[in-house]
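>>> Predicted model and sequence below, questions to follow.
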Amino acid sequence: MRTKSAIASLIGRAGGAGSRALGLGGGTSLPGAIALKIDPGLIRELARQLGQGSVIITATNGKTTTANMTAKILSAASLTPVHNAAGANLAYGVATALMKDAEGLKGSKIGLFEVDEAVVKNVVEDLDPKVMAVGNIFRDQLDRFGEVDQTARLISEGIRLLKPDARLVLNADDPRVAALGQDAKVEPIYFGIADMDHLMGSEMGAQDSKDCLVCGGPLTYEKRYFSHLGAYSCPKCGFKRPRPQITATDLKLTLEASRFTLKTPAGEHEVELGVPAIYNVYNALLAISIGFAIDVDPATSIAALADFQPTFGRLEKIEVEGKHVRLMLIKNPTGFNQAIETLNLDPDPKNIIIAINDNLADGTDVSWLWDADVERIGKTKALITSGIRAHDMALRLKYSGNNNDIQVEPKFSEALAAGLERTPDGGDLYILPTYTAMLDIRRHLEKMGGAAAFWRPGDRR
Amino acid sequence: MNSLNLVHLYPDLMNLYGDKGNIIALSRRCAWRGIDLKVHEISLGDSLPKDMDIAFIGGGQDREQLRVYRDLEKKGDALKAMIADGLVVLAICGGYQLLGRRFITYQGEEIQGLGVLDIETVGGDRRLIGNVVADIRLGEEEMALVGFENHSGQTTLGQKAKPLGRVRLGFGNNGQDGSEGAWQDNVFGTYLHGSLLPKNPVFADYLIRSALERKYGSGTVLEPLNDTMEIAAHAAAVERIEQLHRRRWVPGWFKR
Ligand SMILES: [Zn+2]
């Protein structure tokens, strides 16, 4: 290792440890931030040492879940992922993950990095990945990136930098993602869902991708599964959903599990996942496709996912006071819609807390609440809004024509007390928080004794 | 029963940042009063329906905005005639820029706007992003508009347009002269989304009343609504924005 990189690593790690010791947090990206300041070439230097190269995953939604699924698959295939866990997905997080293992990146070590759309290009340049996977492009945290179009452009710049022997994995059902395969130098591996039973009504979904990315004309949909994901074509230029090599059919979805039939060129398999909803089927397909791209047998991948648990805050079940608290992180209209669709898998009137903060990590602009299909929240027993923007959320619910009583409790402690009080023993309390709201709510639940099985960002499991 | 016709221009293309919340707010506030508000969605290639009372246009991305500019040229004369006849117009962000005399992109390309607002916009090299509080006077009533802005275009007002409000917190039209939005006859333009109308019910009602008066004559009384939740949300937002501005936080490493 070059002396400068070694020094940068050392100082960065010391800085991260110091920050944790002082209770400042930031252990997941601060060491990398410090080290990159000292040596901007650090990622490149460390990545070159990885024995099995690296895999990068980008998507506006579900990156963390997908990366965790992929980690399990890689481990099952006797590889040792070096993973920037739990949302520390900027370049700093990548650097931090590499530095942690700097003593031994050789042998079975494979880099597994979830990467923000905005930094994909730089990360591809530095990592020279052997697999790049793109899951979806939804409207996401607009106040951070400026505009939606920018996202696809940034990712395609990353794809252009891939080496000819790299593999590119793309979601065939997302027209914005599939279009990225059009002028790629490498032949993409496409995955998708093929199931007529899980189509949604035409009125539903934050449809932020209706135009053909190739010619700008309007797309026609033969079927849609979720938001703008489906089977589409452009009457003007002929661009259409590419035929996926890896598909899920016969979907059976419940609040606790998802079952489907996986078809790959290597054969057919039945899959059961311990996570609900159609977007997790997409996450699993992406992870399995990454495995496929590096010759992991699909049967091995499926076995690896058998005991997969929901990621931090993505539909976790926590027992508190004899009640089931179910946390579903929401961070943009699509995530919000996914959460609503998931809780609609429960047919009974529900107890719901929606907790909206507007800190940097949540997105400072709360206008996205108006783009979510809040109208689809069914009958509720308790409907409570909480967080810094509790009043904005309450107003959104009022204007959705929702006839349920809306209770506004900006303080999480009071929202939780009210929610738990109105939930019967053994009943479900659904909590839909933004990111920092979720962290706070977990802290409260921890105090209430629901903490035993918790893990925090940065922890490995 | 009173009725109003609202034309929503380019809802498929100009729909960033919760713009549909503004349509929802107008629809609900009319419905709660028994006013029949019909929404007509008009996009590329469609012709404008007659006898409209309110027009709304939201913000869009650059690519979409250019297509809308070209299409709007074709609808221009019809729309201008309706505006000259007192049509109430609310235009947000990109839609606001479109109604001006011209837009000069950051690369120097010049695009002619509809020209119903005496404003000019120049593309900037940084985005003006953040929460806004702007003081506004509607008739006898003084109030604060709250919302969120996110734009790189910087707008300056000519002689005929007056500012919709004065920026108390935030950037506004250009971050320089303290003006926010523009108001000319019955045309209202603003950079505030967020969504604007639900949290600013007095402004929402001002637009509805203006449209009713134009159609049914002055003296139209607007039945008051229970705005407890709206007022609470407005107050909470002002308080939050003041708190953020006191802190003046923007960690350096998050800037790009
Ligand atoms: Zn096309």
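Structure received.
>>> Quickly list what B:Val88 is bridged to.
Taking DSSP bridges as the rule, B:Val88 bridges to B:Ile54.
>>> surely it meets B:Asp53?
Yes: B:Val88 lies in contact with B:Asp53 (C-beta atoms under 8 Å); the separation is 6.6 Å. All C-beta spots, glycine's among them, are computed from the backbone N, C-alpha and C.
>>> Can you pull the residues that touch both of these two?
B:211, B:214 (C-beta atoms under 8 Å, 6 or more residues apart in numbering or on different chains).
>>> So for the two, which residue has more residues nearby?
With neighbours defined as other C-beta atoms under 10 Å in any protein chain shown, B:Val88 and B:Asp53 compare such that B:Val88 has more, 26 against 22.
>>> Next one: that one from B:Trp183, what distance?
11 Å (C-beta to C-beta, to the nearest Å).
>>> Per-residue confidence, residue 200, what does it come out as?
Unless you meant another one, I'm taking chain A. In this model, A:Met200 is scored at 54, pLDDT.
>>> That was the other one, I meant chain B.
Taking B:Asn200 on its own, its pLDDT is 97.
>>> repeat for A:Gly458
pLDDT at A:Gly458 comes out at 33.
>>> do the same with B:Ala91
Looking at B:Ala91, its pLDDT reads 96.
>>> Quick one: residues contacting A:Glu114.
A:56-58, A:63-64, A:66-67, A:84, A:87, A:89.
>>> Among those, which one lies nearest to A:Thr254?
Taking C-beta to C-beta as the measure, A:Thr254 lies nearest A:Thr66 of the contacts of A:Glu114, at 20.9 Å.
>>> can you pull the contacts of the closest one?
Neighbour list for A:Thr66: A:57, A:59, A:114, A:133, A:135, A:283, A:286-287 [criterion: C-beta under 8 Å, 6+ apart].
>>> go with 7 Å
A:57, A:59, A:135, A:283, A:286-287 (C-beta atoms under 7 Å, 6 or more residues apart in numbering or on different chains).
>>> do the same with A:Val124
A:56, A:132, A:158, A:161-162 are the contacts of A:Val124 under C-beta under 7 Å, 6+ apart.
>>> A:His391 too?
Counting by C-beta under 7 Å, 6+ apart, A:His391 has contacts A:408, B:232-233, B:236.
>>> quick one on the thing from earlier: of the contacts of A:Glu114, just say which sits nearest to chain B.
Taking C-beta to the nearest C-beta as the measure, chain B lies nearest A:Asn89 of the contacts of A:Glu114, at 13.8 Å.
>>> next helix or strand past the helix or strand of chain A with the lowest mean pLDDT?
The weakest-scoring helix or strand in chain A, judged by mean pLDDT, DSSP states H and E, is helix A:142-145 (a mean of 46). Sequence order places helix A:148-160 as the next helix or strand after helix A:142-145, per DSSP states H and E.
>>> Now that following helix: buried residues?
A:148-149, A:151-152, A:154-156, A:158-159 (16 or more other C-beta atoms under 10 Å in any protein chain shown).
>>> Looking at the residues you listed, which one is closest to chain B?
Distance to chain B, by C-beta to the nearest C-beta, is smallest for A:Asp149 among the buried residues of helix A:148-160, at 5.1 Å.
>>> ok, the closest one touching B:Arg63?
Yes: assessed by C-beta atoms under 7 Å, A:Asp149 is found in contact with B:Arg63 at 5.7 Å.
>>> Give me the contacts around the helix or strand B:Tyr206 falls within.
Applying DSSP H and E as the criterion places B:Tyr206 in helix B:201-216. With C-beta under 7 Å, 6+ apart as the test, helix B:201-216 has contacts from B:2, B:4, B:25-26, B:29-30, B:53-54, B:86, B:88, B:90, B:138, B:141, B:143, B:145, B:186, B:197, B:220, B:222, B:227, B:230.
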